[in-house]
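Trainee: got a sequence here, can you build the structure:
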Amino acid sequence: LQSKKFFFKINFMNNEVKFESLNDQETKISFRTKTEGIANSLRRIMISEIPTLAIDLVLVENNSSTIHDEFIAHRLGLVPIKSDSDHLSLMNYSKDCECENFCKKCSLTLELDLEATNQPKVVHSKDLKICNKNDDNLGKNVYPIHSSGSPLLFDEFSIILLRLNKGQKIKLRAIVKKGIGKDHAKWSPISSLKSRTEKFFKIQFSPTFNGDRKNFYSRINYYFLKAGIMNENERGGNIRGNIESFFLIEGDKVGEALDIFRREKNLMKFNANLVFSHFNVKMIIETTGVCESEKIFYGSIEILKKKINLLGVEIERRIKQ
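Mentor: Next up is the predicted model:
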């Protein structure tokens, strides 16, 4: 799948989130935040608290292959199960359902029934068939993932489950249930999440100029460029009147930037003050294909908002006590 490169923004808790590229299985985002904990909270929620579907129970009726039942069940559990997030919300968690083990309200049944009659046969994930597809509205929107999501044309090879020699047979039912990655890794929708957090500082100063103000800014920017320091302030500092001006510097470049300012003190008198500005967070979210990457990010925001609201209610309750 080719990434769609575009740029749009959303607002989240007064943090501006920028989407830079997007496809079904990968999203690149960046945002600024005052607290590093926001980025880490979203990362943890995306990995472990977004609900998805996975095979949780395997009922083997006949297995004459050389692979043990437990090994087959383990491989089936790791097959990604695609689901529509709107329909998934209608499904109960098995632990919250009124049934004893599983039912139509909390599960979906896949069936595998194959036999190698004339020659050896390879059993793939595409051989899994939904049993209750017609009598369950959820079944029409659920299916195993066979696509790799790679542009290298691997899609023709679906996931290999096992191999049957001539005369061998496999027949089983696989029960799909709803869960989260905190319960088991097979429910985690994330295959890889790369996160980088950069700390930025403001160098604020109130200058009293003895020389050319514009020349000062051009000299500072020249030395910044020469030292490999990126001035993130798009305005290049405020040069109107004697009000406070600032340069926005990445954390690991602050020392070099202050050295440049000290060298330039002979041109003007100013009081420089170093203050924290923000964290710049960049994330690359890669999914297993069970859910679109941007929906996973939006879902993590909603879960974090609910957690914060619950925390606020609990704090108010304890204050009243």
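Trainee: quick one, strands of the stretch 1-150 of the chain?
Mentor: Using DSSP state E, counting those that start in this stretch, the strands assigned to the stretch 1-150 of the chain run over residues 4-12, 15-22, 26-33, 52-63, 81-83, 107-115, 121-124, 129-130, 142-144.
Trainee: select, out of those strands, the one closest to Asn165.
Mentor: Evaluated over the strands of the stretch 1-150 of the chain, closeness to Asn165 peaks at strand 121-124, with 8.4 Å, by C-beta to C-beta. Heads up, the C-betas are built off the backbone N, CA and C, glycines and all.
Trainee: could you report the neighbour count for Ser65?
Mentor: 21 (other C-beta atoms under 10 Å).
Trainee: quick check on it: phi, psi?
Mentor: Dihedral angles phi and psi of Ser65 (degrees, to the nearest 10) take the values phi -80, psi 180.
Trainee: wait, it sits on Leu162?
Mentor: Yes: counting by C-beta atoms under 8 Å, Leu162 is a contact partner of Ser65 at 5.6 Å.
Trainee: between these two, what contacts are shared?
Mentor: Taking C-beta atoms under 8 Å, 6 or more residues apart in numbering as the criterion, Ser65 and Leu162 both touch 72, 170.
Trainee: so who does the spatially most central residue of the chain touch?
Mentor: Centrality entry for the chain: nearest residue to the mean C-alpha point is Ile285, 4.1 Å, by C-alpha atoms, centre = their mean. Counting by C-beta under 8 Å, 6+ apart, Ile285 touches 26-29, 46, 190, 193, 293, 296-297.
Trainee: distance of Val142 from Gly299?
Mentor: Using C-beta to C-beta, to the nearest Å, Val142 is found at 18 Å from Gly299.
Trainee: wait, is the residue nearest to the centre of the chain part of a strand?
Mentor: Yes: under DSSP: H, G, I helix; E, B strand; the rest coil, Ile285 sits within a strand.
Trainee: that one bridge partners, please.
Mentor: Assessed by DSSP bridges, Ile285 has beta-bridge partners Thr27, Leu193.
Trainee: so Leu311: helix, strand or coil?
Mentor: Of the three states, Leu311 takes helix under three-state DSSP.
Trainee: counting neighbours, what do you get for Pro189?
Mentor: By the measure other C-beta under 10 Å, the count of residues near Pro189 is 26.
Trainee: pretty sure it contacts Glu294?
Mentor: No: look at Pro189 against Glu294 with C-beta under 8 Å: they stay out of range, at 11.9 Å.
Trainee: can you tell me which helix or strand of this protein has the lowest average pLDDT?
Mentor: Of all helical and strand segments in the chain, the minimum by mean pLDDT, DSSP states H and E falls on strand 4-12, at a mean of 45.
Trainee: helix or strand: which one has Glu314?
Mentor: In this assignment (DSSP states H and E), Glu314 forms part of helix 293-320.
Trainee: for Leu161, same thing?
Mentor: In this assignment (DSSP H and E), Leu161 forms part of strand 160-164.
Trainee: give me the sheet partners of that strand and which way each runs.
Mentor: Strand pairing for strand 160-164, determined by DSSP bridges: strand 121-124 (antiparallel).
Trainee: in the stretch 1-150 of the chain, where is pLDDT below threshold?
Mentor: Residue ranges of the stretch 1-150 of the chain with pLDDT under 70: 1-15, 24, 85-86, 132-141, 146-150.
Trainee: just to check, Lys202 is in contact with Val254?
Mentor: No: applying C-beta under 8 Å, one finds Lys202 not in contact with Val254, separated by 10.1 Å.
Trainee: who touches both of the two?
Mentor: Shared contacts of Lys202 and Val254, defined by C-beta under 8 Å, 6+ apart, comprise Leu274.
Trainee: and Leu90, how many neighbours?
Mentor: What Leu90 shows, counting by other C-beta under 10 Å, is a neighbour count of 11.
Trainee: please read the previous query as pertaining to Ala54.
Mentor: Ala54: 26 surrounding residues under other C-beta under 10 Å.
Trainee: need the three-state assignment for the spatially closest residue to it that is not a sequence neighbour.
Mentor: Closest residue to Ala54 apart from its sequence neighbours, by C-beta to C-beta, 6 or more residues apart in numbering: Lys186 at 4.3 Å. Assigned with three-state DSSP, Lys186 falls in the helix class.
Trainee: tell me how far Lys186 lies from Lys177.
Mentor: Going from Lys186 to Lys177 by C-beta to C-beta gives 10 Å.
Trainee: mutual contacts of the two, please.
Mentor: Both Lys186 and Lys177 are in contact with 54-55, where contact means C-beta under 8 Å, 6+ apart.
Trainee: quick check: buried residues in stretch 302-318?
Mentor: Within stretch 302-318, the residues that qualify as buried by neighbour count (16 or more other C-beta atoms under 10 Å) are 303-304.
Trainee: centre of the chain to it, how far?
Mentor: Distance, stretch centre to chain centre, for stretch 302-318: 23 Å (C-alpha atoms, centre = their mean, to the nearest Å).
Trainee: repeat that for stretch 103-121.
Mentor: Averaging C-alpha positions (C-alpha atoms, centre = their mean) puts stretch 103-121 32 Å from its chain's average.
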